[in-house]
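> Structure, please.
(one chain, ligands or ions: 2)
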Amino acid sequence: MRILLLGSGGREHALAWKINQSVWANPLYIAPGNAGTAQCGKNVLLDITDFDAIGNFCLSEKIEMVIVGPEEPLVKGLYDYFKSNEGLQKIYFIGPSKNGAQLEGSKAFAKAFMQRHKVPTAKYREFDASSFEEGVHYVKEHPLPVVLKADGLAAGKGVIICQTSVEAVSEFELMLQKAKFGEASRKVVVEEFLEGIELSVFVLTDGKNYLLLPEAKDYKRIGEGDTGLNTGGMGAVSPVPFASPPFMQKVERKIIKPTIDGLHKEEIDYKGFLFFGLINVNGEPYVIEYNCRLGDPETEVVIPRLETDLVGLFVAATQQELDTVKLTVDEKSAATVMAVSHGYPGIYEKGFEIRGLKKADNKNFFIFHSGTKQDGGRILTNGGRVLCVTSYGKNIKGAVANSLAILEKIDFDGMYYRSDIGYEFK
Ligand code: AMP
Ligand code: GLY
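Ligands and ions are numbered 1, 2, ... in the order given. Sure, this is the predicted structure:
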């Protein structure tokens, strides 16, 4: 099967690595990819939001399956573009319709969807310019802390947790009146703060059935002990010790099943990954957010624990036959630790040579590239998050220690990583 995978991060390297092991995949193209994905297939220079360019490439290379890594092309309607184009509509497509991607693309859509289908989530109200005054009053009176969320995609920056009413009102005004997040904050969701520990749960769904993938926990803050600025993710572990069978049964019964049934009932086309950002509040799961894709860096621990052929699963998903297949999962723990550029998540430089890289397809650890590029015989840093090392272990502590030992041998100017990933599970 001729496959095109869209994206360029560590998530896509992990997907490409797994797809490349499938007997079905030949050839595998990754657009635009990075120096790591180039070891698993052929990188092609395509803008992943240029639908015509993607469509033309699929036609000229006779692509039979498209898999979308990041949310942006999905939220912009790439699925619908394929389905409305005669030459492209037969291509197997992994990723939801524009409507389905609204679960991530619009917080207000997601909250209303959860309300319709009785999925547990924080209480909320939504406001826009026409309800601004009412919103100010609501925010002022809201118990603290209060959470403000820009409705649309805001590069992971659109959520503000406010500790004081003064701050909350000021942020609310900035979002709605000064377009702090541009178009994304034309609407604002105001919700109650939930106290608990977060985890990421993923399914692959065909819009009717779903397969539950291994759960994971990511570490978003730049500093050890979960301090400092938010990042795209500094590491992840899987499994998550507190995700016990009874807890996960609750997650399926109260959250996953009603969500998938809701998509089905509302006739929303959804054949792809769905990511449930959950919080465990005294043993009860609540949805913090939906994403219409896999997480990064969670994918770098989830995919290495999957034993089942991924391309076979994708085919079953496109045929709405996921009820006929089974997943097998490696019982071992996996941990990934992300190496980032000096200055990230603020301003950083790129183009430094990465030294000490080992072959990525070792049996016990994998080096997944996030922001790298090939420069002749050298591999250079090309982003804030540069690469992550995933290792297996008997438990999380062991897996993290293995990744840290590999990272000791890798080096680039200004390299930084957290050495406390998984700290609460030691
Ligand atoms: P999001 O962009 O929706 O993932 O939100 C970013 C982060 O903000 C989440 O990972 C949580 O840590 C935090 N967050 C969002 N909503 C809430 C909430 N209602 N209560 C507590 N924390 C929240
Ligand atoms: N690691 C969280 C995300 O991918 O959104």
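> Smallest gap between the stretch 151-300 of the chain and ligand 2, at which residue?
Nearest residue of the stretch 151-300 of the chain to ligand 2: G295, at 3.5 Å (C-beta to the nearest ligand atom). In this view, the C-beta of every residue, glycine as well, is placed from N, C-alpha and C.
> ok, that residue - contacts?
11, 200, 202, 216, 218, 233, 236, 275, 302 (C-beta atoms under 8 Å, 6 or more residues apart in numbering).
> Across the sheet, point out what pairs with the fourth one.
Meaning A216. On the basis of DSSP bridges, A216 is bridged to S200.
> surely it meets L199?
Yes: using C-beta atoms under 8 Å, A216 is in contact with L199, at 7.1 Å.
> who touches both of those two?
In contact with both A216 and L199: V240, using C-beta under 8 Å, 6+ apart.
> Show the pLDDT at the residue positioned nearest the centre of the chain.
Nearest to the mean C-alpha position of the chain, by C-alpha atoms, centre = their mean, lies G295 at 2.1 Å. Looking at G295, its pLDDT reads 98.
> Which element, helix or strand, includes it?
Following DSSP states H and E, one finds G295 outside all helices and strands.
> and what of A108?
Per DSSP H and E: helix 107-116 holds A108.
> what's the helix or strand following that helix packed up against?
Downstream of helix 107-116, the next assigned helix or strand under DSSP H and E is strand 124-128. Judged by 3 or more C-beta pairs under 8 Å, 6 or more residues apart in numbering; DSSP states H and E, strand 124-128 is in contact with helix 107-116, helix 132-141, helix 165-177, strand 187-192.
> Now do the longest one: everything it contacts.
Read it as helix 165-177. Outside helix 165-177, the residues touching it (C-beta under 8 Å, 6+ apart) are 127-129, 132, 135-136, 139-140, 142, 144, 146, 148, 150, 160, 162, 180-181, 185-186, 188, 190.
> Likewise for the shortest one?
Counting contacts by C-beta under 8 Å, 6+ apart, the residues outside strand 187-192 that touch it are 106-108, 111, 122-128, 135, 138-139, 142-143, 146-152, 172, 175-176.
> Give me every residue in the stretch 201-350 of the chain lying close to ligand 2.
218, 233, 291, 295-296, 298 (C-beta under 6 Å from any ligand atom).
> could you redo the last one with a cut-off of 8 Å?
218, 220, 232-233, 236, 275, 277, 291, 293-298 (C-beta under 8 Å from any ligand atom).
> Show the buried residues in those.
Among these, those classed as buried by 16 or more other C-beta atoms under 10 Å are 218, 232-233, 236, 275, 277, 291, 293-298.
> So R11 belongs to a strand, correct?
No: applying DSSP: H, G, I helix; E, B strand; the rest coil, one finds R11 to be helix, outside a strand.
> surely it meets G69?
Yes: the criterion here is C-beta under 8 Å, and R11 meets it with G69 at 5.4 Å.
> Identify the contacts common to those two.
293-294.
> of those two, who's got more company?
G69 (29 against 24; other C-beta atoms under 10 Å).
> Spatially nearest residue to the more buried one, not counting backbone neighbours?
Distances taken as C-beta to C-beta, 6 or more residues apart in numbering put G7 closest to G69, at 2.8 Å, once the chain neighbours are dropped.
> Ok, K409 next?
G356 (4.6 Å).
> what's the pLDDT at that neighbour?
92.
> I'd guessed it sits against I406; true?
No: applying C-beta under 8 Å as the test, G356 and I406 come out as separate, 9.0 Å apart.
> higher neighbour count, these two?
The neighbour count for G356 versus I406, taken as other C-beta under 10 Å, is higher for I406 (19 against 12).
> Against V337, how distant is the more buried one?
9 Å (C-beta to C-beta, to the nearest Å).
> what's the overlap in contacts for the two?
V389.
> For this structure, which residues are neighbours of ligand 1?
Near ligand 1, when you scan the chain using C-beta under 8 Å from any ligand atom, you find 107, 122, 145, 147, 149, 156, 158-159, 161, 191-196, 198, 220, 230, 277, 279, 286, 288-289, 291.
> Okay, now stretch 56-68: how far is its last residue from its first?
By C-alpha to C-alpha, to the nearest Å, the extent of stretch 56-68 from end to end equals 16 Å.
> got the buried residues for it?
Across stretch 56-68, burial judged by 16+ other C-beta under 10 Å covers 57-58, 63, 65-68.
> Kindly reformat those residues as JSON lines and extend each row with pLDDT.
Shown next, in JSON lines, are the buried residues of stretch 56-68 (pLDDT from 0 to 100):
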{"residue": "F57", "pLDDT": "98"}
{"residue": "C58", "pLDDT": "98"}
{"residue": "I63", "pLDDT": "98"}
{"residue": "M65", "pLDDT": "98"}
{"residue": "V66", "pLDDT": "98"}
{"residue": "I67", "pLDDT": "98"}
{"residue": "V68", "pLDDT": "98"}
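> In strands, which of the residues you listed fall?
65-68 (DSSP state E).
> ok, back up a step: could you check the pLDDT of the residue nearest to G69?
Value for G7, per-residue pLDDT: 98.
> which residues touch it?
15, 30-31, 33, 48, 68-70.
> before we move on, what about L153?
71-72, 75, 104-105, 184 are the contacts of L153 under C-beta under 8 Å, 6+ apart.
> Quick one: the strands in the stretch 201-350 of the chain, in order.
Along the stretch 201-350 of the chain, the stretches classed as strands by DSSP state E, counting those that start in this stretch are 210-212, 217-218, 221-223, 227-230, 235-238, 272-281, 284-291, 333-340.
> Can I get the ones you listed in JSON lines including mean pLDDT?
Output for the strands of the stretch 201-350 of the chain, formatted as JSON lines (pLDDT from 0 to 100):
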{"stretch": "strand 210-212", "mean pLDDT": "98"}
{"stretch": "strand 217-218", "mean pLDDT": "98"}
{"stretch": "strand 221-223", "mean pLDDT": "97"}
{"stretch": "strand 227-230", "mean pLDDT": "94"}
{"stretch": "strand 235-238", "mean pLDDT": "98"}
{"stretch": "strand 272-281", "mean pLDDT": "98"}
{"stretch": "strand 284-291", "mean pLDDT": "98"}
{"stretch": "strand 333-340", "mean pLDDT": "98"}
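> Please identify which of those strands is closest to Y81.
strand 272-281 (15.0 Å; C-beta to C-beta).
> In its sheet, which strands sit next to the closest one, and in what direction?
According to DSSP bridges, strand 272-281 has these partners: strand 197-205 (antiparallel), strand 284-291 (antiparallel).
> Which of the ones you listed sits closest to K363?
Comparing the strands paired with strand 272-281 by C-beta to C-beta, strand 197-205 comes nearest, at 24.0 Å.
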